[in-house]
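>>> Below are the sequence and a predicted model; questions follow.
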Amino acid sequence: MKKGNSLKEMNSPPLERSLREIPKIKPRAYFRLKVAAVTRLAAFTKGSRQERSETREAPGRASLKKAPQYAAAIVLGIFIASILFGGLNVAAREAKPGDTLYIVKLAGEKFNLAFTLGKGEKAKKKIEFAQRRLAELEELARSGKLKEGDIIYFAEKLAEVEAVARNLESLELENEEKAQISKMLTRLEESKEKTSRKIRDLESKGGVLEPAAGARVKVYDPSSKIKINGGTSSVGKADRYGRFDFKLWIEEESSVLESDLQVLIELDGRKEALPLKESSRVEVPVGEGYHLSIEPAVEVLQKGEEKTFILSLESSNRNVRGKMIRLFDACGEAIICGQKSSANLVVDENGKAKVKIEKRGPELSVSRIMAEVEGDKVEIMRLGMLETHSEIGAPLGFDVEVEPSIENLPPGEKKITLSIRKKYIRLADFL
């Protein structure tokens with residue numbers, strides 16, 4: 001028997017004795033303040049209900065009599081909200097995009113900005129918050145968690161600060177305060193330049209692009225020159241790393257180069273058809289002593305988009321002026337110079353000709369643009385097709401790496417792995 005225990009305590013049930021032995025915990029001041037505030041507000045509300053049920057007075061007199069209680073309740077409610085929100089805001093200060101409390105952090109900043117008086121102080125707050133966004137941006141990029149929505153959001157926030165810089169001279173501020181804001185903007189520009197260099201380095205390594213996990217993938221060859229997984233196509237989903245595997249059966253080395261092998265990818269409202277064989281960007285020999293090239297080096301066109309290209313015909317020993325070139329789409333439904341799938345062009349005295357190409361068709365497909373000179377036909381470009389737009393109006397598709405490269409594969413069966421990532425507007429362009 002413990003010293004000091006009474007007979008009554010000894011006869012108490014075990015649970016009750018255990019509860020008595022628990023040391024008393026003193027609530028923190030913050031918790032006591034919240035309880036007191038809520039209790040006080042409840043008392044006001046209860047008193048108002050009792051008064052309404054016990055007395056009936058003239059509407060004007062009753063309203064005047066209750067006005068102090070209503071005003072006090074409103075003020076107390078605002079006080080409680082500020083206490084509760086303030087506590088959450090403190091906890092959310094270190095939150096990053098994707099964290100549960102990040103939305104609380106942003107709401108706290110808006111609340112802070114709304115109650116900041118003076119144009120100069122508001123400008124300082126915006127610059128301060130932009131510095132936070134840059135730090136968050138760098139952290140996300142370094143951890144490989146940067147997503148398309150984050151990029152658009154950061155771009156918008158940095159644009160807001162640029163507006164502050166543009167309108168600084170028009171603000172009616174003291175010279176000293178303008179100088180302070182100017183220094184803050186200079187430090188922000190220095191931070192942007194440092195972050196920009198880091199982002200460019202990460203983008204060059206491909207470490208920022210988000211894997212297209214769960215994307216619907218279809219690999220097929222409309223020309224039927226290559227067997228895929230023993231048939232005509234391979235259909236499935238990319239794994240969580242954006243990878244998709246399939247097998248090719250190649251009978252002849254030239255069959256890959258002559259095929260229309262392509263991949264159709266669909267995810268999050270974006271849909272794109274891409275060639276698995278890259279276009280040659282060097283001059284292509286054609287006819288007797290001619291070389292042909294096309295600029296710019298575009299790989300994908302948005303559905304319905306028209307693009308102007310420059311076709312160049314050169315020869316070291318033959319006159320190119322007035323030479324006719326026939327362009328045609330060997331596997332897609334491209335509109336060439338306003339004509340479906342085929343058009344005849346005549347080059348000028350410099351061997352140049354403008355050609356407009358538009359991607360159309362109910363189904364997405366790759367166009368294999370061919371050129372014919374003096375009866376000799378050569379491929380000069382492969383154009384993918386994209387059907388999607390980002391939130392800020394720019395086309396966003398997919399980045400696909402093929403391992404191993406299919407262009408130099410020997411005959412036989414070979415496993416091919418596609419690494420698919422979401423493509424987005426380069427973030428460094430905004431910094």
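Alright, I've got the coordinates. Quick caveat, the model's predicted, so the values are computed rather than measured. Residues are numbered from 1 along each chain as shown.

>>> Three-state assignment for Lys126, please.
Put simply, Lys126 is helix when judged by DSSP: H, G, I helix; E, B strand; the rest coil.

>>> so what's it up against?
Leu113, Glu160, Val161, Val164 (Cβ atoms under 8 Å, 6 or more residues apart in numbering). For the C-beta atoms, the positions are set from N, CA and C on the backbone; glycine is no exception.

>>> the helices in the chain, which residues?
Secondary structure of the chain (DSSP state H): helices located at 7-10, 14-21, 29-54, 59-91, 102-114, 119-143, 148-166, 175-204, 253-258.

>>> tell me, which of these is the model least confident about?
With a mean of 48, helix 7-10 has the lowest mean pLDDT of these.

>>> quick one on the thing from earlier: please check the contacts of Lys126 and keep the buried ones.
Val161, Val164 (16 or more other Cβ atoms under 10 Å).

>>> Lys271: which of the contacts of Lys126 is nearest?
Nearest to Lys271, judged by Cβ to Cβ, of the contacts of Lys126 is Glu160 at 32.7 Å.

>>> Quick check: closest non-adjacent residue to Ser255.
Nearest non-adjacent residue to Ser255, counting by Cβ to Cβ, 6 or more residues apart in numbering: Lys225, 4.8 Å away.

>>> how much space between that neighbour and Ser367?
With the distance defined as Cβ to Cβ, to the nearest Å, Lys225 ends up 17 Å from Ser367.

>>> what does Asp221 give?
From Asp221 to Ser367 the distance is 15 Å (Cβ to Cβ).

>>> Now Gly118: phi and psi?
Backbone torsions for Gly118, taken as degrees, to the nearest 10, come to phi 90, psi 140.

>>> what's near enough to touch it?
So Gly118 contacts nothing (Cβ under 8 Å, 6+ apart).

>>> Need the pLDDT of it.
For Gly118, the pLDDT comes out at 85.

>>> now swap in Asn350 and tell me
In this model, Asn350 carries a pLDDT of 90.

>>> Same question for Asp376.
At Asp376, the pLDDT value in this model is 92.

>>> Identify the bridge partners of it.
Beta-bridge partners recorded for Asp376 (DSSP bridges): Val373.

>>> Just want to know which of Lys225 and Ser367 has more residues nearby.
Ser367 (28 against 17; other Cβ atoms under 10 Å).

>>> who's that one bridged to?
Beta bridges link Ser367 to Leu383, judged by DSSP bridges.

>>> so it sits right up against Cys331, yeah?
Yes - assessed by Cβ atoms under 8 Å, Ser367 is found in contact with Cys331 at 6.7 Å.

>>> Might you list the low-confidence residue ranges for the stretch 301-431 of the chain?
389-396, 424-431 (pLDDT under 70).

>>> Can you show me the strands along it?
Along the stretch 301-431 of the chain, counting by DSSP state E, counting those that start in this stretch, strands occupy 306-315, 324-329, 334-336, 339-340, 342-346, 352-359, 367-373, 376-387, 398-403, 412-422.

>>> right, so of the ones you listed, which gets closest to Glu139?
So among these, strand 412-422 is nearest, using Cβ to Cβ, at 19.6 Å.

>>> Between strand 398-403 and that closest one, find me the angle.
On the basis of axes from the mean of the first three to the mean of the last three Cα atoms, to 10 degrees, strand 412-422 is oriented at 150 degrees to strand 398-403.

>>> what's in contact with strand 412-422?
Here strand 412-422 makes contact (Cβ under 8 Å, 6+ apart) with 148, 206, 209-212, 215, 217, 219, 238, 241-250, 263, 265, 267-268, 270, 396, 398-404, 406.

>>> are any of these buried, and which?
Applying 16+ other Cβ under 10 Å to the contacts of strand 412-422 flags 148, 209-212, 215, 217, 219, 238, 242-244, 246, 248, 250, 263, 265, 267, 270, 396, 398, 400, 402, 406 as buried.

>>> of all the strands of the stretch 301-431 of the chain, which lies closest to Ser259?
Across these, closest to Ser259 is strand 367-373 (Cβ to Cβ), at 9.4 Å.

>>> In that closest one, which residues are buried?
Neighbour-count burial for strand 367-373 [16+ other Cβ under 10 Å]: Ser367, Arg368, Ile369, Met370, Ala371, Glu372, Val373.

>>> Now render those residues as TSV, adding distance to Lys277.
Converted to TSV, the buried residues of strand 367-373 look like this (distance: Cβ to Cβ, whole Å):
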residue	distance to Lys277
Ser367	13
Arg368	9
Ile369	13
Met370	14
Ala371	17
Glu372	20
Val373	22
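
>>> which one of those residues is nearest Glu387?
When the buried residues of strand 367-373 are ranked by distance to Glu387 (Cβ to Cβ), Ser367 comes first, at 14.3 Å.
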